[in-house]
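Enquirer: here's a sequence, model it:
(chains A, B and C, ligands or ions: 2)
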Amino acid sequence: MNSLSLVSVRNLSVDFWRVAGPPALSSVSLEVSPGEAVGLVGESGSGKSTLGFAIAGLLDPNDAQLSGEILFKSQNLLTTNQDDYRKIRGSEIGYIFQDASSSLNPLLKIGKQLTHPLMANGGMSKNDAMVRAKELLDMVEISQSERRLNQYPHEISGGMKQRVVIAAALSRDPSLLIADEPTTALDVTVQAQIIDLLLRLKKSLSMSLIFISHDLGVVARVADRVVVMKDGNIVESGGVEQVLANPKESYTQLLLANIPKLRHVDQSHSLSFWGTNER
Amino acid sequence: MKYYVLRITGGLLTIFVSSLLVFSLIRLIPGDPAAELMGLAFDPKLAHLLRIRLGLEGSFVQQYIAWITAVFHGDFGYSFINGAPVGQEIGDRLIRTVQLLVGGVIVGLLISIPAGIVSARNKGKWQDGGIMAFTTLMLSVPQFVLGIFLIYIFAVRMHVLPAGGWIDPHDNFVEWLKSMVLPWLCVGMAMSAFTSRVLRASILDAKNMDYTRTARSWGLSEKEIAKKHVYKNASAPTLTVVGLEIGYLLGGAFVIENVFAYPGIGQLTVKAISQRDYPMVQTSILIFATGFILVNLIVDLAYGFIDPRIRQR
Amino acid sequence: MKLVTWWRSLNTRIRVSIFMLFFLALLSAIAPFLTPFHSDQMGTGQTLLGPTWKHPFGIDSMGRDQFSRVTEGIRLSAFIGFTVMSTSLLVGIPVGILSAYKGGLLDSLFSRVLDLLFAFPNLLLALVFVTILGSGSWTALLALVIIYIPIASRFIRSAALAEKDRDYVSAAKVNGASTFRICARHILPNIAPSLLVLGTNIFAFAILAEAALSYLGVGAKPPTPSLGKILTENQGFITTSSHLVIIPAITLSFLVLSLNLLGDGLRDYLDPKKSNSRHKKSLLQVLSRKKSVAGKVVD
Ligand SMILES: Nc1ncnc2c1ncn2[C@@H]1O[C@H](COP(=O)(O)OP(=O)(O)O)[C@@H](O)[C@H]1O
Ligand SMILES: [Mg+2]
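Expert: Ligands and ions are numbered 1, 2, ... in the order given. Here you go, the predicted model:
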């Protein structure tokens, strides 16, 4: 446990009240250093999203019981009051959800929704926020950004929606970005573009990244370090090359053997399997 | 734009078709109204004249065209019972029925919006349980029975409000207001039961949507989320239900007006039906159907205004 | 034993409503044996009497025993509700399922006609039909049947629409099952739970509508003791003999409340999304006529 960590999760357990059986997370520990990209892998239901939600404080205390510690810049978030936690979440932690199509409110224009994170907690004025919203769309490489501000989510493509969600998540210059399967719902070619974008933005904004995926191939391209989860436990972790080249756990081997999409990503972008030269 | 044009044309078309329907339904009734009216004093020549006056001579199409042209000129025909022009008889009553329903709907919204919001906010707590139990009860009490209960409580037991009747507001405004309280309350309570349930369910739905979670991840407070997302998104399904309820209330007007001896169009219609006064029945049914279609049209337009996906389809 | 397990698996609303309905049924069934008075017999000697042991609900302005009138009113309501429910389901099931399954011209024609009917409020439609057919108990009943058939059909159509593209239907189609077989043996059992809820709701609505029509004087004719009719006849005496109005009013509300509770409870109970307990599944299967499987699950 080093004190230089941006995020330091210690013995975190999460138990959903309404679900009988073992807790969704049992005594999980995780460190994320500044500027580091950590890949969180595991089959569906292994607790990846629960861990991401827990760090961002998105679990409703009426639904789940949390114990342990989540230190963010040395502050224990689990003992922080809801209001302060919310402010930290707004300014320091960005979150990208799996399903871009439902992540945006269908009844509000893109521009208006982008102003929400900017104006939250006494942020910008409405006019400044609108100007910044356009810049953000440019940043995530959306064409005709001026026009997009006045469009509704159903009028743009899935990939573009995910770019908008990324723009919103990055709007307050967070020091941590949690991307929860950000490409699972997208086409393969769009997937590669979004991953590229995320990698570039991570570098230029010098933030830490927790990249959640059940696809080891994608994680290999993105992450410095891999953490493998199973049934609410961390079963293996280490440098990305080390874990992927030499998986100790049979479970990790199993995951490695099931990378159907990897080859497509490889072919379409002629990247090496490990993607090490990318970083 | 296209959506609005389509909806409005659709609405007008439905009004036309329903006028045709009403017209032909009345003509399906067996027997000759002229003969019925003249009774023992039946005289073929006079009957012929009477049929002309009642608009019952000529082919169906001719009759319909004559009727609808007259309607456009404000001429709704003459009552079988007293020969008075139907339009005149209905005019004042129409205004009173509109007063009854509009006031009642406002009361209904004043009840159901806070009730829905409070019970959604306190889901599972006693406030929620109480409101839900009350709405279940309200859903089961027929409108006219509700009216009777209200009369029993406020007029018979407490003597604070009149049991029925109507006072001209120009004569005595305060008495008029007092006479309107129970009918408005009856309409409003009947409407609020279902509306507040739907509002509650829609708020809870919207609170669980992915975009609400996204907004939470942006650091918005629950208050801001409610203001910027939840209420707007919950209003769409609620609006549909309010439209349905108003339609239902149009039907309920017949009953409520009878309970409170309220001189509106519903009371007139029921009397006309039992007297078989067809021009009267025909006209008031047309008015109710038109009102119903208009309400639905307005709801559709408002829905399009809220939801861009509908508007741009 | 099975019965006890089943009863325990029910939710409170269903249990309470069963008690309420049972109470009403019992009351109206044994009423003729409890009191020697017939519902339209005027010769009780007194008028406008308050409740006594001999006349527990009092005597109305025409000297008739209220208890026998109200209990007969319950029977009449139940008869109307049942008739309207069963006829509208009997017609609605084949029409709705076929319309959904066949689609095409038949379906769009069907939908247009229904749209038109739905352009009028229910009670208004009922009044129109009563105008044409003349007023009376039987014509009111007929009018309600005419109105609820399309409502049931439309509901069943949309329920069937959701089922017709499911895998099991496609599988049956591939196996060469006939249209009738697919509709009757595959789609129908799967929408049966929602039909039960629909039936309960129609039952309650029909009772309400009949009471309203009779209250307006275009339904049951005197001396028929429809609950709505009893209310109109007695409303004039609400100041002096309020029990003559309040008792039938409460009875009618109680009847409809118990049906609504049953419908609400059934909807939750039968909702496949919520049913994860074994007993819940078992009733679903019982309703889907898979009794042999259900038997095993319950044991
Ligand atoms: N809101 C919730 N309520 C109850 N159980 C939940 C909830 N969210 C997740 N779970 C349970 O927690 C476990 C982990 O889920 P999740 O974190 O979503 O897995 P992953 O993201 O790895 O697919 C699963 O068993 C899931 O059923
Ligand atoms: Mg997940």
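
Enquirer: tell me the contacts of residue 185?
Expert: You didn't pick a chain, so chain A it is. Contact analysis of A:A185 by CB atoms under 8 Å, 6 or more residues apart in numbering or on different chains lists A:Q98, A:D99, A:A100, A:S101, A:G158. Bear in mind the C-beta positions are built from the backbone N, C-alpha and C, glycine included.

Enquirer: sorry, I should have been clearer: chain C.
Expert: So C:R185 contacts C:A172, C:A177 (CB under 8 Å, 6+ apart).

Enquirer: may I ask you to confirm that it belongs to a helix?
Expert: Yes - checked against DSSP: H, G, I helix; E, B strand; the rest coil, C:R185 lies within a helix.

Enquirer: check which residues of the helix ranked longest in chain A are buried.
Expert: Across chain A, the longest stretch assigned as helix under DSSP state H is helix A:188-205. Counting neighbours by 16 or more other CB atoms under 10 Å in any protein chain shown, one finds that the buried residues in helix A:188-205 are A:V190, A:Q191, A:A192, A:Q193, A:I194, A:I195, A:L197, A:L198, A:L199, A:L201, A:K202.

Enquirer: got the contacts of A:A185 as CSV, with pLDDT, neighbour count and distance to C:L198 columns?
Expert: Below are these laid out as CSV (pLDDT from 0 to 100; neighbours: other CB atoms under 10 Å in any protein chain shown; distance: CB to CB, whole Å):
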residue, pLDDT, neighbour count, distance to C:L198
A:Q98, 86, 18, 37
A:D99, 85, 17, 33
A:A100, 83, 28, 38
A:S101, 84, 15, 33
A:G158, 88, 15, 38
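
Enquirer: which of the residues you listed fall within strands?
Expert: Of the contacts of A:A185, none are assigned to strands by DSSP state E.

Enquirer: and which of these is nearest to chain B?
Expert: Of all the contacts of A:A185, chain B sits closest to A:D99, with 6.3 Å by CB to the nearest CB.

Enquirer: next up, the contacts around that closest one.
Expert: Counting by CB under 8 Å, 6+ apart, A:D99 makes contact with A:A185, B:D210.

Enquirer: could you rerun that using 6 Å?
Expert: Applying CB atoms under 6 Å, 6 or more residues apart in numbering or on different chains, we find A:D99 in contact with A:A185.

Enquirer: part of a helix, is A:I210?
Expert: No - under three-state DSSP, A:I210 falls outside any helix and is assigned strand.

Enquirer: quick one: secondary structure of A:A169?
Expert: Applying three-state DSSP: A:A169 is helix.

Enquirer: that one reaches A:F97, doesn't it?
Expert: No - look at A:A169 against A:F97 with CB atoms under 6 Å: they stay out of range, at 9.1 Å.

Enquirer: per-residue pLDDT of C:H279, please?
Expert: Reading off the confidence values, C:H279 has pLDDT 35.

Enquirer: do the one 3 residues further on as well
Expert: In this prediction, C:S282 carries a pLDDT score of 33.

Enquirer: over to A:G94?
Expert: pLDDT, A:G94: 93.

Enquirer: repeat for C:K290
Expert: In this model, C:K290 carries a pLDDT of 28.

Enquirer: hmm, back to that, what packs against the longest helix of chain A?
Expert: Here helix A:188-205 touches helix A:262-269, going by 3 or more CB pairs under 6 Å, 6 or more residues apart in numbering or on different chains; DSSP states H and E.

Enquirer: enumerate the residues of the stretch 101-250 of chain A near chain B.
Expert: Counting by CB under 6 Å from any CB of the partner chain, the stretch 101-250 of chain A comes close to chain B at A:S102, A:S103, A:L104, A:N105, A:L107, A:H116, A:P117, A:A120, A:N121, A:Y152, A:H154.

Enquirer: what is the most widely separated pair among these?
Expert: Farthest-apart pair in these is A:N121 and A:H154; separation 29.1 Å (CB to CB).

Enquirer: before we move on, the earlier item: which one of the residues of the stretch 101-250 of chain A next to chain B has the most neighbours?
Expert: Most neighbours among these, by other CB atoms under 10 Å in any protein chain shown: A:P117, with 29 neighbours.

Enquirer: report all helices and strands that the host helix or strand of A:G68 contacts.
Expert: A:G68 is part of strand A:64-72 when elements are defined by DSSP states H and E. When contacts are defined as 3+ CB pairs under 6 Å, 6+ apart, strand A:64-72 packs onto strand A:7-16.

Enquirer: now do 10 Å
Expert: Under the contact definition 3 or more CB pairs under 10 Å, 6 or more residues apart in numbering or on different chains; DSSP states H and E, strand A:64-72 sits against strand A:7-16, strand A:25-32, helix A:48-56, strand A:75-76, helix A:82-92.

Enquirer: neighbouring strands - and their directions - for the first one?
Expert: The reference is to strand A:7-16. Within its sheet, strand A:7-16 is paired with strand A:25-32 (antiparallel), strand A:64-72 (antiparallel), according to DSSP bridges.

Enquirer: for it, C-alpha coordinates in PDB please.
Expert: Extracted in PDB, the C-alpha atoms of strand A:7-16 (Å, rounded to 0.1, in the frame of the first residue of the first chain):
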ATOM      1  CA  VAL A   7      -7.100   5.500  -5.100                       C
ATOM      2  CA  SER A   8      -6.600   2.900  -2.600                       C
ATOM      3  CA  VAL A   9      -9.300   0.400  -1.900                       C
ATOM      4  CA  ARG A  10      -8.800  -1.600   1.200                       C
ATOM      5  CA  ASN A  11     -10.800  -4.700   2.200                       C
ATOM      6  CA  LEU A  12     -13.900  -3.400   0.500                       C
ATOM      7  CA  SER A  13     -17.000  -5.600   0.900                       C
ATOM      8  CA  VAL A  14     -20.300  -4.900  -0.800                       C
ATOM      9  CA  ASP A  15     -23.400  -6.800   0.100                       C
ATOM     10  CA  PHE A  16     -26.700  -6.100  -1.600                       C
END
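
Enquirer: list the buried residues for it?
Expert: A:V7, A:S8, A:V9, A:L12, A:S13, A:V14, A:D15, A:F16.

Enquirer: from the chain's centroid, how far away is it?
Expert: Relative to its parent chain, strand A:7-16 has a centroid offset of 17 Å by CA atoms, centre = their mean, to the nearest Å.

Enquirer: likewise the fourth one?
Expert: On the basis of CA atoms, centre = their mean, the separation between the geometric centre of strand A:75-76 and that of its chain is 20 Å.

Enquirer: against which helices or strands is it packed?
Expert: strand A:64-72, helix A:82-92.

Enquirer: reformat these as CSV; add mean neighbour count.
Expert: CSV is the format used below for these (neighbours: other CB atoms under 10 Å in any protein chain shown):
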stretch, mean neighbour count
strand A:64-72, 18
helix A:82-92, 18
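
Enquirer: so which of those is nearest C:T131?
Expert: C:T131 lies closest, by CB to CB, to one member of those: strand A:64-72, at 61.0 Å.

Enquirer: close to ligand 1, is that closest one?
Expert: No - on the criterion CB under 6 Å from any ligand atom, strand A:64-72 is out of touch with ligand 1, staying 6.8 Å away.

Enquirer: give me the neighbour count for the residue of the stretch 51-200 of chain A found nearest ligand 1.
Expert: Among the residues of the stretch 51-200 of chain A, A:D63 lies closest to ligand 1, at 5.1 Å counting by CB to the nearest ligand atom. Counted with other CB under 10 Å, the neighbours of A:D63 add up to 12.

Enquirer: wait, it touches A:V19, no?
Expert: Yes - applying CB atoms under 10 Å, one finds A:D63 in contact with A:V19, separated by 9.4 Å.
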